[in-house]
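Model the structure of this input:
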Amino acid sequence: MTATKLALLLAGLVFADMRLASALTADQPAVQAYGNVNRSCREWTDGCVVCVKNSEDSPSCSTPGVACQPKDVICKGPAAPATPR
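Numbers count the residues shown, from 1 in each chain. Model (predicted):
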């Protein structure tokens with residue numbers, strides 16, 4: 001395979017991957033980004049991955065199982081209400 005053909009093939013794969021990624025995030029954010037969109041949620045899941053915000057509001061997410069089929073992301077633990085002073 002020539003270098004030109006290889007470059008065109010790789011460019012096509014990258015473009016296809018970008019289109020797929022934009023289609024996946026168009027309707028619902030990726031499970032890792034869900035906390036950025038729904039700031040009041042402290043713990044969320046798609047049935048395969050569980051994410052929890054730490055004290056700095058950074059998410060920590062588990063690793064999905066090999067055969068897991070993700071579902072819609074749901075909030076499992078909204079932020080605790082602020083306590084009055």
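
Pull the number of nearby residues for Val49.
19 (other CB atoms under 10 Å). In short, each C-beta sits where N, CA and C put it, glycine included.

Identify the residue nearest Glu43 in space, chain neighbours excluded?
Nearest residue to Glu43, sequence neighbours excluded (CB to CB, 6 or more residues apart in numbering): Gly77, at 3.5 Å.

pretty sure that neighbour belongs to a strand, no?
Yes: looking at Gly77 with DSSP: H, G, I helix; E, B strand; the rest coil, it is inside a strand.

So which residues of the protein form strands?
Using DSSP state E, the strands assigned to the chain run over residues 41-45, 50-53, 59-61, 74-78.

what residue ranges in this protein are flagged as low confidence?
Low-confidence segments of the chain (pLDDT under 70): 1, 5-29, 80-85.

do that again at 80, thanks
The chain contains residues with pLDDT under 80 at 1, 3-29, 79-85.

Can you name the residues bridging to the nearest residue to Lys76 once chain neighbours are set aside?
Excluding its sequence neighbours, the residue lying closest to Lys76 (CB to CB, 6+ apart) is Glu43, at 4.7 Å. Counting by DSSP bridges, Glu43 is bridged to Val52, Gly77.

Tell me who's in contact with Glu43.
50-53, 75-77 (CB atoms under 8 Å, 6 or more residues apart in numbering).

Top of those by number of neighbours, please.
Cys51 leads the contacts of Glu43 on contacts (other CB under 10 Å) with 21 neighbours.

The residue lying closest to that one once chain neighbours are set aside and Lys53: what is the separation?
Of all residues not flanking Cys51 in the chain, Cys61 sits nearest, at 4.1 Å (CB to CB, 6+ apart). According to CB to CB, to the nearest Å, Cys61 stands 10 Å off from Lys53.

Also Ala30?
According to CB to CB, Ala30 and Lys53 sit 15 Å apart.

likewise Lys76?
12 Å.

which stretches of this protein form helices?
Remark: helices assigned in the chain by DSSP state H are 3-27, 34-37.
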